[in-house]
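Student: Coordinates for the following, if possible.
(one chain, ligands or ions: 1)
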Amino acid sequence: KEVETQTKLANVVVLATGGTIAGAGASAANSATYQAAKVGIEQLIAGIPELSKLANVRGEQVMQIASESITNENLLQLGRRVSELADSKDVDGIVITHGTDTLEETAYFLNLVEKTDKPIIVVGSMRPGTAMSADGMLNLYNAVAVASSKEAHGKGVLVTMNDEIQSGRDVSKMINIKTEAFKSPWGPLGMVVEGKSYWFRLPAKRHTMDSEFDIKNIKSLPDVEIAYSYGNVGDTAYKALAQSGAKAIIHAGTGNGSVSSRVVPALQALRKDGVQIIRSSHVNAGGFVLRNAEQPDDKYDWVVAHDLNPQKARILTMVALTKTNDSKELQRMFWEY
Ligand SMILES: NC(=O)C[C@H](N)C(=O)O
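Tutor: Below you'll find the model as predicted:
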């Protein structure tokens with residue numbers, strides 16, 4: 001009987017990349033002062049014996065870095081490994097442990113390029129495992145619970161933080177000191193409580209199986225950079241980024257992706273030189289940029305990022321540019337993904 005139940009458990013692979021969930025501090029009082037990316041995946045899994053009741057879990061250390069240092073090469077390496085595992089008959093779900101600083105970028109990247117229905121869950125923590133009230137253990141337990149569940153199939157890449165199931169497309173790190181750090185402007189998709197998931201809504205945007213992008217066809221990612229806007233901003237950063245080879249510049253704009261009159265001429269000139277200009281917004285709770293609102297995008301041939309924040313807009317632009325350099329196509333992708 002027991003053997004029978006055992007064989008019914010899903011096979012979940014945990015790909016570890018580092019971050020605070022693998023962090024260690026000098027004392028239990030250190031919730032903010034610690035070193036990220038210190039503890040190996042075997043140790044993390046061994047620290048949660050309850051995982052074995054949820055799934056047959058095995059770990060793989062893909063890299064060991066703090067996520068602020070992740071590169072496009074790292075993204076591709078991780079994406080390819082996820083794809084290989086997703087293609088394997090022996091794997092039912094994939095969990096990725098990740099630093100929280102760029103977790104939203106990696107989750108969105110995988111959401112765009114992984115051709116699978118199998119659950120892919122990205123998870124991190126706000127406190128190292130050595131701290132009092134560390135959140136990594138439960139976040140990882142929840143990630144494995146969702147990864148091994150049938151209901152998580154076909155819902156795109158998901159993020160489990162603070163008991164919530166978030167869409168990897170929508171979710172963002174909104175605060176750096178609380179465990180309730182990850183929010184989506186459109187709300188979580190569900191909750192995980194005691195290893196069981198409860199769903200409330202579905203992602204409306206194209207992802208994974210329904211995406212036109214495939215990690216298997218992406219050899220490298222183009223240089224796409226972000227320039228931040230504020231009062232008194234000038235055009236120096238935009239010009240410098242283009243000069244250093246950026247194929248597209250994400251304008252991390254104020255408000256509705258608005259552009260300072262001191263910057264507009266430079267962006268018009270860069271577009272004429274072939275650089276794609278994407279207008280996004282850096283407002284805290286989530287931007288919402290519409291075409292020809294604030295700036296005449298049709299006239300200047302610029303693209304708007306709609307509700308994607310600047311860092312997510314960078315991910316979609318990089319992936320999109322592997323297929324097209326047509327601004328109308330880029331804009332279509334920004335509406336659809
Ligand atoms: N909470 C964290 O994981 C932060 C860390 N700097 C990282 O992203 O790797």
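
Student: Give me the number of neighbouring residues for the residue lying closest to Gly195 once chain neighbours are set aside.
Tutor: Nearest residue to Gly195 in three dimensions, chain neighbours excluded: Ala145, at 4.3 Å (CB to CB, 6 or more residues apart in numbering). For glycine as for every other residue, the C-beta is placed from the backbone atoms N, C-alpha and C. Under the neighbour criterion other CB atoms under 10 Å, Ala145 is assigned a count of 27.

Student: Next: Met126.
Tutor: If you count neighbours by other CB under 10 Å, Met126 ends up with 26.

Student: secondary structure class for it?
Tutor: Counting by DSSP: H, G, I helix; E, B strand; the rest coil, the backbone at Met126 sits in coil.

Student: Show the contacting residues for it.
Tutor: By CB atoms under 8 Å, 6 or more residues apart in numbering, Met126 lies in contact with Thr20, Thr100, Asp135, Met161, Asn176, Ile177, Lys178, Thr179, Ala181.

Student: what pLDDT does it get?
Tutor: Turning to Met126, the model gives it a pLDDT of 98.

Student: For the stretch 151-300 of the chain, which segments are assigned as strands?
Tutor: For the stretch 151-300 of the chain, strands defined by DSSP state E, counting those that start in this stretch occupy the ranges 158-161, 164-167, 172-173, 182-183, 190-193, 196-199, 224-228, 248-253, 276-281.

Student: mean confidence score for the second one?
Tutor: For strand 164-167, the mean pLDDT works out to 98.

Student: which residues are contacting that strand?
Tutor: 111, 146, 152, 155-160, 182-184, 186, 188-192, 197, 199, 203.

Student: Now a PyMOL select for only the buried ones of the residues you listed.
Tutor: To isolate the buried ones among those in PyMOL, judged by 16 or more other CB atoms under 10 Å, type:
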select buried, resi 111+146+152+155+156+157+158+159+160+182+183+184+186+188+189+190+191+192+197+203
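
Student: Kindly report the residues of the stretch 1-150 of the chain close to the ligand.
Tutor: Where the stretch 1-150 of the chain comes near the ligand, counting by CB under 6 Å from any ligand atom, the residues are Gly19, Thr20, Ala36, Ala66, Ser67, Glu68, Gly99, Thr100, Asp101, Gly124, Met126.

Student: Just the closest of these to the ligand, please.
Tutor: Minimum distance to the ligand across those is 2.0 Å, recorded for Gly99 (CB to the nearest ligand atom).

Student: Next, the contact list for the closest one, please.
Tutor: With CB under 8 Å, 6+ apart, Gly99 has these contacts: 17-21, 36-37, 65-68, 70, 124.

Student: Compare these and tell me which has the most neighbours.
Tutor: Sorting those by how many neighbours each has (other CB under 10 Å) puts Gly124 first, at 34 neighbours.

Student: Quick check, it in contact with Ile21.
Tutor: Yes: between Gly124 and Ile21 there is a contact at 5.0 Å, judged by CB atoms under 8 Å.

Student: got a list of contacts for the longest strand seen in the chain?
Tutor: For the chain, the longest strand by residue count, based on DSSP state E, is strand 55-65. For strand 55-65, contacts defined as CB under 8 Å, 6+ apart pick out 6, 9-19, 22, 37-38, 40-42, 44-45, 51, 74, 77-78, 81, 92-93, 99, 144, 147-148.

Student: on that earlier part again, surely the residue nearest to Gly195 touches Val193?
Tutor: No: the pair Ala145 / Val193 is not scored as a contact, 9.5 Å apart, by CB under 8 Å.

Student: quick one, helices of the protein?
Tutor: 2-8, 41-46, 51-54, 72-87, 103-113, 136-147, 236-243, 264-272, 297-300, 310-321, 327-336 (DSSP state H).

Student: coming back round to it: and the angle from the longest strand of the chain to helix 136-147?
Tutor: Compare the direction of strand 55-65 with that of helix 136-147 by axes from the mean of the first three to the mean of the last three CA atoms, to 10 degrees and you get 120 degrees.

Student: quick one: low-confidence parts of the stretch 1-150 of the chain?
Tutor: 1-7 (pLDDT under 70).

Student: Okay, domains of the protein per the record?
Tutor: 2-210, 224-336 (automatic domain parsing).
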